[in-house]
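Participant: model the following, please.
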Amino acid sequence: MARSQRTSASAMWTLVLMVVAALTASARAQSTNTLDTSTFDQSFNVLYGADNQIERSMDGRAVSLSMTELTGSGFQSKDTYLFGQLSMKLKLVPGDAAGVVVCFYLHTMTENHDEFDFEFLGNKSGEPVILQTNIYANGNGGREERIFLWFDPAEKFHTYTVLWNHNQVVFYVDSVPIRVLRNTPQSQSFYPKVRPMYVFSSIWNGDDWATRGGLDKVNWTNAPFLAHYKDFKMNGCVYNGVDPSPDCVSPFYSDTWWSTHDELNAVELRKLEWVRSNYMIYDYCTDFTRYPMLATNFTECAAP
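Facilitator: Numbers count the residues shown, from 1 in each chain. Modelled structure (predicted):
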């Protein structure tokens, strides 16, 4: 091949690679919604509550939800996500918040729904706040875990994250993993992986169950109760209406939540063990009183 021909061929291959790279980047941009600096109104719609119960900051990047004796309040993402790393910062209700439940969760909004829950169960003043997590798949739940938080979540903002891909679901508090569901042969029948989910947050009256099994009721003289949210980071695959969404299952998907989170690393495993050894107060996988046939009913509990 003559030198001029080699040069021309090389230039042609360079052009082809540039076009492929551009198309790949475009496809990723369409299937990924990374809103690290998004405003509340860009990402969410008000779900319920009076206008004066949902107060936005001046820059629109933070919001406060309130609960009164009449109603709570909540919001819902505009997009649905099939896998992603979805997080926000919360500052909870201070003082006596018995019976008050603050939630951050993902939900499919289908009859046989999938769901990932962070539920903060308010307590009397001075008592530790309980964080309950739960997972539903195909309408089946009852997978509660409860921990005490190792800090006061009403003093300042902390980051709460659900990481969800084909390999695992991880609940994080700040950078600390507190719960993991691995997609293993034992758990795969209970592993949510085909239904896109909306992101929700809410504050509501749960005093029939939330604090000491419903013994402590809401003290309405402290109303309105306020929970604060900011830094909405919806880094996930936006569902495109095709089932299953090809953009969300591509082996070439390169976002870090997809490609670098096959399993917890050694540091994360130590943090997870620290939480479960020191702060866990309830695990459905060990509740044989509630579930006598636990090993048969919940095969994911036997996962390694």
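
Participant: for the rest of this, base every contact and every neighbour count on C-alpha atoms.
Facilitator: OK.

Participant: residue ranges in the chain under the pLDDT threshold?
Facilitator: Low-confidence segments of the chain, defined by pLDDT under 70, span residues 1-37, 242-247, 249-261, 303-304.

Participant: which strands or helices does the longest strand along it pack on?
Facilitator: Using DSSP state E to define each element, the chain has its longest strand at strand 225-238. In terms of contacts (3 or more Cα pairs under 8 Å, 6 or more residues apart in numbering; DSSP states H and E), strand 225-238 is packed against helix 3-31, strand 32-33, strand 62-67, strand 81-91, helix 246-249.

Participant: contacts for the fourth one?
Facilitator: Right, strand 81-91. If you take Cα atoms under 8 Å, 6 or more residues apart in numbering as the criterion, strand 81-91 is touched by 153-166, 193-198, 227-239, 245, 248, 257-258.

Participant: buried subset of these, written for ChimeraX?
Facilitator: In ChimeraX, this line selects whichever of the contacts of strand 81-91 come out buried by 16 or more other Cα atoms under 10 Å:
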select :153,154,157,158,159,160,161,162,163,164,165,166,193,195,196,197,198,227,228,229,230,231,232,233,234,235,236,237,238,239,245,248,257,258
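
Participant: now stretch 178-191, how far from the centre of its chain.
Facilitator: Mean C-alpha position of stretch 178-191 versus that of the full chain (Cα atoms, centre = their mean, to the nearest Å) differs by 16 Å.

Participant: strands along the stretch 51-200 of the chain, start to end?
Facilitator: Taking DSSP state E, counting those that start in this stretch as the criterion, the stretch 51-200 of the chain carries its strands at 54-56, 62-67, 73-77, 81-91, 100-107, 115-121, 130-136, 145-148, 158-164, 168-173, 176-182, 198-205.

Participant: okay, those strands in TSV with distance to residue 212 next?
Facilitator: Formatted as TSV, the entries for the strands of the stretch 51-200 of the chain read as follows, by distance: least, Cα to Cα, whole Å:
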stretch	distance to residue 212
strand 54-56	29
strand 62-67	20
strand 73-77	23
strand 81-91	22
strand 100-107	12
strand 115-121	10
strand 130-136	11
strand 145-148	13
strand 158-164	24
strand 168-173	23
strand 176-182	22
strand 198-205	14
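
Participant: return the distance of residue 138 relative to residue 232.
Facilitator: Using Cα to Cα, to the nearest Å, one obtains 27 Å as the distance from residue 138 to residue 232.

Participant: for residue 143, that is, sorry about that
Facilitator: Distance, residue 143 to residue 232, by Cα to Cα: 26 Å.

Participant: kindly report the same for residue 285.
Facilitator: In this structure, residue 285 lies at 32 Å from residue 232, with Cα to Cα as the measure.

Participant: cool, and residue 222?
Facilitator: Going from residue 222 to residue 232 by Cα to Cα gives 28 Å.

Participant: and for residue 51?
Facilitator: Per Cα to Cα, residue 51 is found 21 Å from residue 232.

Participant: residue 74 - nearest residue in space that isn't next to it in sequence?
Facilitator: Distances taken as Cα to Cα, 6 or more residues apart in numbering put residue 202 closest to residue 74, at 3.9 Å, once the chain neighbours are dropped.

Participant: surely the one you found touches residue 92?
Facilitator: No: because the distance of 11.4 Å does not satisfy Cα atoms under 8 Å, residue 202 is recorded as not touching residue 92.

Participant: these two - which one has more neighbours?
Facilitator: In this comparison of residue 202 against residue 92, neighbours counted by other Cα atoms under 10 Å, the higher total goes to residue 92 at 25 against 22.

Participant: quick one: contacts for the more buried one?
Facilitator: Contacts of residue 92 were listed using Cα under 8 Å, 6+ apart, and they are 102, 153, 154, 155, 226, 227, 228.

Participant: what count of nearby residues applies to the nearest residue to the fourth one once chain neighbours are set aside?
Facilitator: Counting by Cα to Cα, 6+ apart, the nearest residue to residue 155 once its immediate chain neighbours are dropped is residue 91, at 7.0 Å. With neighbours defined by other Cα under 10 Å, the count for residue 91 comes to 20.

Participant: can you offset everything so residue one is 895?
Facilitator: Renumbered: residue one is now 895, and that last one reads residue 985.

Participant: measure residue 985 to residue 996 for me?
Facilitator: 10 Å.

Participant: please apply the same query to residue 1079.
Facilitator: To residue 996, residue 1079 is 34 Å away according to Cα to Cα.

Participant: between these two, point out the one with more neighbours.
Facilitator: Legend: neighbour count by other Cα under 10 Å for residue 1079 and residue 996, higher for residue 996 (29 against 11).
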